[in-house]
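*Asks:* with the sequence up front, the predicted model follows.
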Amino acid sequence: MIQLTLLKAKLHRVRVTAVELDYEGSCAIDEELLKRAGILPFEQIHIYDVHNGERFSTYAIAAAPGSGVISVNGAAARRVSLGDLLIIAAYAQVPADEAEGFLPRVVYVDGENRPRDAAATPGLAIAAPA
């Protein structure tokens, strides 16, 4: 069976709140944002830095819910700066016959990484409040 890789979830334009070089690795993300997006702790994520164009992958870990934390840790900390805007994406393998109509969960945030309500965007599934 053919599998397609589709966008599963996206945290759109979250702001880096911490950069921790001396950490084992990963990206700590406010647990509320993870839940709204449907991203699990230890799930692979792709990070796209809006400010400098860096693109890399790591895995998600949960930070305190409601904290607004987006902490890029370990070696990846060298690829971002405090305050950078990021797009964090997770992808899923979907059988080709189920791909049509598949919609990702997208979470938009305010300037402090708090989820905000957003008008429905054509082609996207806006993540509902937790």
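*Replies:* Nice, thanks for sending it over. Fair warning: this is a prediction, and the values are worked out from it, not measured in the lab.

*Asks:* residues touching the residue nearest to residue 85 when sequence neighbours are not counted, list them.
*Replies:* In space, residue 85 comes closest to residue 50 once its chain neighbours are excluded; the distance is 4.1 Å by Cβ to Cβ, 6 or more residues apart in numbering. (C-beta placed from N, C-alpha, C; glycine too.) With contact taken as Cβ atoms under 8 Å, 6 or more residues apart in numbering, residue 50 is in contact with 13, 84-87.

*Asks:* can you say which of those residues are buried?
*Replies:* Buried members of those, scored by 16 or more other Cβ atoms under 10 Å, are 84-86.

*Asks:* still on that earlier bit, and of the contacts of residue 50, the nearest to residue 37?
*Replies:* Sorting the contacts of residue 50 by how near they are to residue 37, with Cβ to Cβ, puts residue 87 at the top with 11.6 Å.

*Asks:* so that closest one belongs to a strand, correct?
*Replies:* Yes: applying DSSP: H, G, I helix; E, B strand; the rest coil, one finds residue 87 inside a strand.

*Asks:* and the gap between the nearest residue to it once chain neighbours are set aside and residue 88?
*Replies:* Sequence neighbours aside, residue 48 is the residue nearest to residue 87 in space, at 4.4 Å (criterion: Cβ to Cβ, 6+ apart). Distance from residue 48 to residue 88, counting by Cβ to Cβ, to the nearest Å: 8 Å.

*Asks:* and residue 103, by the same measure?
*Replies:* 18 Å.

*Asks:* gap between the helix or strand containing residue 34 and the chain center?
*Replies:* Element membership for residue 34 (DSSP states H and E) is helix 31-37. Taking Cα atoms, centre = their mean, to the nearest Å, the mean C-alpha location of helix 31-37 is offset from the chain mean by 9 Å.
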